[in-house]
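Colleague: Fold the following and give me the result.
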Amino acid sequence: EHLVDLEVDALLNADEVFCTGTAVVLSPVGSITYKGKKSEYKGGEVGEVSQLLYDHLTQLQVRKREDTHGWVETVPLDA
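Modeller: This is a model prediction of the structure:
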């Protein structure tokens, strides 16, 4: 697990914002509203960086990309 502290201003001024997780892989954030100010990202569509990361992660999961960090584990079906 790797967490990063971000200032709200960094999120409000970002080109793209997304969340990641084991099951969700990567989920783009369409907008953030903070203190009455709404910031929208990529018109609610998936951005270029988000798509690139999503593709990379899912290719790792299905072993279409080499896992150089040892992230993918094979789970036996009889476990």
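
Colleague: When you work out contacts or count neighbours from here on, use the C-alpha atoms and nothing else.
Modeller: OK.

Colleague: Tell me if I am right that T20 is in a helix.
Modeller: No. Counting by DSSP: H, G, I helix; E, B strand; the rest coil, T20 is not part of a helix but strand.

Colleague: So S39: helix, strand or coil?
Modeller: From three-state DSSP, the assignment for S39 is strand.

Colleague: list the contacts for it?
Modeller: L12, N13, S31, I32, T33 (CA atoms under 8 Å, 6 or more residues apart in numbering).

Colleague: Run through the neighbouring helices and strands of the longest helix along the chain.
Modeller: The longest helix of the chain (DSSP state H) is helix 48-61. If you count contacts as 3 or more CA pairs under 8 Å, 6 or more residues apart in numbering; DSSP states H and E, helix 48-61 packs onto strand 25-28.

Colleague: Just checking: what are the partner strands of the strand it packs on?
Modeller: Strand 25-28 has its sheet partners listed here by DSSP bridges as strand 18-21 (antiparallel).

Colleague: re the thing from before, by neighbours, which of the contacts of S39 wins?
Modeller: In terms of neighbour count, L12 stands highest of the contacts of S39 at 19 neighbours, by other CA atoms under 10 Å.

Colleague: Distance to L60 and secondary structure for the contacts of S39 - can I get that in JSON lines?
Modeller: JSON lines is the format used below for the contacts of S39 (distance: CA to CA, whole Å; DSSP: H, G, I helix; E, B strand; the rest coil):
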{"residue": "L12", "distance to L60": "30", "secondary structure": "helix"}
{"residue": "N13", "distance to L60": "30", "secondary structure": "coil"}
{"residue": "S31", "distance to L60": "28", "secondary structure": "strand"}
{"residue": "I32", "distance to L60": "30", "secondary structure": "strand"}
{"residue": "T33", "distance to L60": "33", "secondary structure": "strand"}
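
Colleague: could you dump those residues to TSV with distance to K42 and pLDDT?
Modeller: Shown next, in TSV, are these (distance: CA to CA, whole Å; pLDDT from 0 to 100):
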residue	distance to K42	pLDDT
L12	13	91
N13	12	91
S31	9	94
I32	12	93
T33	15	94
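
Colleague: Noted, bye for now.
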